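J.: Turn this into a structure:
(one chain, ligands or ions: 1)
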Amino acid sequence: MPRYLINFSLDKIPTESVPVVVVGSGVAGLSAALAAASSQRVAVLTKTTLDQTTTSRAQGGIASALGVGDSAELHKMDTLEAGKGLCEERMVDILVSEGPERVRHLVEDIGARFDRAGSGLALTKEGGHSRPRVAYARGDATGSEVEASLARVVRCEEHIDVYENHYAVDVVTSGEGCVGLLALDEEKGEIRFFHSPAVVLAMGGMGQLYAVTTNPAICTGDGVAMALRAGAEVSDIEFMQFHPTSLHLPETPRWLISEALRGEGALLLDQSGRRFMEGVHPLKELAPRDVVVNEMVRVMRELDVDHLLLDATPIGAERLMERFPNIYQHCLEAGIDITRNPIPVSPAAHYMSGGVVADAWGRTLVPGLYACGEVACSGVHGANRLASNSLLEGLVFSRRIGLSLERRLRSWDPADAPALEYHFERRRSRITPRLLRGLIQQMMQDNMGYRRSREGLREAALFLQENTDVLQSEYRSPAGFEVQNMLTLANLMVQAALMREESRGCHYRTDYPSMRREWERHIVYRRDNGGLCAFMRAVGALHDAEGYSYEVG
Ligand code: SIN
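T.: Next up, the predicted model:
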């Protein structure tokens, strides 16, 4: 695996010096930029436009213990229960204890208009939550409200410069860690170097590794692949979470049907009208996601059908239209009146619980390289993320990055840009990015989906091995870089899934259908001499390596 996706000589590339570079413009990226901009100039780079993010698509809401009778302790218990023994408890403590204040800040200081009930925020339930604690905005448009509010503030912040249509290619490192970022300015068609001692990766997830996903086309895992090449650790990458309910209609792109519908009373039914979650879990339709998906897959196989039904009519027509205006409208345009008819649904790849290992202050193993949001593996999600903990994670840990940057920036000299160069002998690729993207997506869907087996995973590993030369090929477009990143990550995911001989959370092996005590540990990857090395870390010790710390500074 070459260190960089492109060859370069930094002294021949247009260079800009900026203390902090944030890549990604969802909740994590914009919150990190705002936190850092109180004392520094910040460049925010985004692959397309500022508001084209996974955050914008989030429907359900943000979980935090704001309700009467709720507490950080209860939120923690639910998070640990969903994470099936792989959560890092100290990180969960930070998430749940700092969460309520971050949500208040979003509403009161940033100005996000969340729905209210009486004098407080309206709170609903989602899968795995023992209390109503999910705050939401404009019914089912939480993500777009969060994105728009943060973007409004970012655009007015004089210390922040936004670079749209800039594709981040690679983090540049030298002996002292991160020294900047190479990005393709798509409008000019040129590579630029952002000389910076602090790069924050907040580029979202990798649902596009699958043929069936709720994620937008930009989610190709670029941040995780880039961090791995730069020397950061990647963990828990076998835990791709599938959302139980995506709209399942022929010729219609998948679309998230929020879990909040089930929180408000929608029922999962099979084609005969049987409520199949009864008797499976005490929380029935609101069991943790892995439990619901597993049962759905079992029932679909038994009945030989490719989808099941979500009946939202018990919520009542008036409440449905008021509480879920977007879902109502979207389904209506697709030909389904959800106030009268059930919605055809099936699971879809939704959220990567693992990613770049980042400590309590967002630091990775590469000095000056930070990660937050879905790109990161902070350890709060374990083997299965609790619903609506992701926007919260983006808020909590991005702010901590902002608070911890000072020491890194203290000795930085903007005039001291490095003169590095990199050359790797590359050949033109024999396969087009578009074709390879489709092949990877189908191979992952078939072999690395909700049910996995040694046989299928070996087949996937073979396919990936046959295409490794693509990693050494020369592509000059985002489509090519994306497919190289997808191949890198697919390989990691399949290797980790093969290694983990058990079923836990979102990882289900048909040949090892139970959870096994000896697998209560993280599988961690790191780049080593041009190859990869994998090793294990015990739960509670994800950050036991020099370079991580629970202390700031
Ligand atoms: C949903 O609205 O169901 C998605 C929430 C989440 O993934 O946390």
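J.: For the rest of this, base every contact and every neighbour count on C-alpha atoms.
T.: Will do.
J.: residues in contact with Ser272?
T.: Not one residue lies near Ser272 by CA atoms under 8 Å, 6 or more residues apart in numbering.
J.: how far away is it from the ligand?
T.: When distance is defined by CA to the nearest ligand atom, to the nearest Å, Ser272 is 25 Å away from the ligand.
J.: How about Met240?
T.: Met240 is 12 Å from the ligand, where distance means CA to the nearest ligand atom.
J.: before we move on, what about Gly368?
T.: According to CA to the nearest ligand atom, Gly368 and the ligand sit 29 Å apart.
J.: ok, and the closest non-adjacent residue to that residue?
T.: Distance criterion CA to CA, 6 or more residues apart in numbering; nearest residue to Gly368, sequence neighbours excluded, is Ala198 at 4.5 Å.
J.: hey, what's the one you found bridged with?
T.: For Ala198, the beta-bridge partners under DSSP bridges are Val20.
J.: and it, what does it touch?
T.: Pro19, Val20, Val21, Cys178, Val179, Gly180, Gly368, Leu369, Tyr370, Leu405, Arg408, Leu409.
J.: just checking, what packs against the helix or strand encompassing Arg399?
T.: Element membership for Arg399 (DSSP states H and E) is helix 390-404. Under the contact criterion of 3 or more CA pairs under 8 Å, 6 or more residues apart in numbering; DSSP states H and E, helix 390-404 touches helix 27-36, strand 62-63, helix 89-105.
J.: which other residues reach the longest one?
T.: Counting contacts by CA under 8 Å, 6+ apart, the residues outside helix 89-105 that touch it are 62, 64-66, 72-73, 75-76, 79-80, 360, 378-380, 392-393, 395-397, 540.
J.: hmm, which of those residues are the buried ones?
T.: With neighbours counted by 16 or more other CA atoms under 10 Å, the contacts of helix 89-105 contain buried members at 62, 64-66, 72, 75-76, 79-80, 360, 378-380, 392-393, 395-397, 540.
J.: Where does the prediction get shaky in this protein?
T.: Applying pLDDT under 70 to the chain picks out residues 553.
J.: starting at the chain centroid, how far to the helix holding Arg399?
T.: Centroid separation for helix 390-404 versus its chain: 14 Å, with CA atoms, centre = their mean, to the nearest Å.
J.: between that helix and helix 89-105, how big is the angle?
T.: Inter-element angle recorded for helix 390-404 and helix 89-105: 90 degrees (by axes from the mean of the first three to the mean of the last three CA atoms, to 10 degrees).
J.: need the next SSE after helix 390-404, C-terminal direction.
T.: Assigned by DSSP H and E, the successor of helix 390-404 is helix 406-409.
J.: Quick check: the residue of the stretch 451-553 of the chain nearest the ligand.
T.: Residue nearest to the ligand within the stretch 451-553 of the chain (CA to the nearest ligand atom): Cys506, separated by 13.5 Å.
J.: What residues does that residue make contact with?
T.: Listed by CA under 8 Å, 6+ apart, the contact partners of Cys506 are Phe239, Met240, Gln241, Phe242, Asp290, Ala383, Asn384, Tyr450.
J.: let's see 10 Å
T.: Residues in contact with Cys506 (CA atoms under 10 Å, 6 or more residues apart in numbering) are 82-84, 238-242, 289-291, 293-294, 352-353, 382-385, 449-451.
J.: right, and the secondary structure at Pro244 would be what?
T.: For Pro244, the assignment made with DSSP: H, G, I helix; E, B strand; the rest coil gives strand.
J.: Can you show me the strands along the stretch 351-500 of the chain?
T.: Per DSSP state E, counting those that start in this stretch, the stretch 351-500 of the chain carries strands over the ranges 355-357, 369-371, 376-377, 421-422, 427-428, 473-474.
J.: ok now do the residue in the stretch 1-150 of the chain that the ligand sits nearest to, which residues does it touch?
T.: Taking CA to the nearest ligand atom, the ligand has its nearest neighbour within the stretch 1-150 of the chain at Gly60, 3.2 Å off. Contacts for Gly60 (CA under 10 Å, 6+ apart) come out as 124-126, 134-137, 139-143, 256-261, 263, 324, 387-388.
J.: again, only using 8 Å
T.: Applying CA under 8 Å, 6+ apart, we find Gly60 in contact with Val134, Tyr136, Asp140, Ala141, Thr142, Ser258, Glu259, Ala260, Ser388.
J.: Also Asn485?
T.: The contact partners of Asn485, by CA under 8 Å, 6+ apart, come to Thr220, Gly221, Asp222, Ala225, Met226.
J.: The residue nearest the centre of the chain: what's its closest spatial neighbour, skipping adjacent residues?
T.: With distances taken as CA atoms, centre = their mean, Glu374 lies nearest the centre of the chain, 2.7 Å away. Sequence neighbours aside, Gly204 is the residue nearest to Glu374 in space, at 4.8 Å (criterion: CA to CA, 6+ apart).
J.: gap between that neighbour and Gly273?
T.: Here the criterion is CA to CA, to the nearest Å. By it, Gly204 lies 37 Å from Gly273.
J.: Thr432 now?
T.: Taken as CA to CA, the span from Thr432 to Gly273 is 46 Å.
J.: do the same with Asn384
T.: 29 Å.
J.: What parts of this structure come near the ligand?
T.: Gln59, Gly60, Ser258, Glu259, Ala260, Ala387, Ser388, Ser390 (CA under 6 Å from any ligand atom).
J.: picking that back up, so Asn384 and Gly273 - more neighbours on which side?
T.: Set Asn384 next to Gly273 and count neighbours by other CA atoms under 10 Å: Asn384 wins out with 31 against 13.
J.: so who does that one touch?
T.: Neighbours of Asn384 in contact, by CA under 8 Å, 6+ apart: Ala82, Gly83, Lys84, Phe239, Gln241, Arg289, Asp290, Ser353, Gly505, Cys506.
J.: got it, and Thr79?
T.: Residues counted as contacts of Thr79 (CA under 8 Å, 6+ apart) are Val92, Gly128, Val380, His381, Arg385, Leu386.
J.: Repeat the analysis, applying 10 Å as the threshold.
T.: Thr79 neighbours (CA under 10 Å, 6+ apart): 73, 87, 89, 92, 95-96, 128-129, 288, 380-382, 384-387, 389.
J.: before we move on, what about His307?
T.: Going by CA under 10 Å, 6+ apart, His307 touches 245-249, 270-271, 296-297, 299-301, 343-347.
J.: rewinding a little: now, among the contacts of Asn485, which is nearest to Val234?
T.: Ala225 (8.9 Å; CA to CA).
J.: Now for the closest one, how many residues are close by?
T.: So Ala225, with other CA under 10 Å, has 25 neighbours.
J.: go on, the one 4 residues further on?
T.: Each residue near Arg229 was counted by other CA under 10 Å, and the total is 25.
J.: Same check on Arg192?
T.: 21.
J.: Quick check: beta-bridge partners of it?
T.: Beta-bridge partners for Arg192, by DSSP bridges, are Ala183.
J.: hang on, it packs against Tyr163?
T.: No. Judged on CA atoms under 10 Å, Arg192 makes no contact with Tyr163 at a distance of 11.4 Å.
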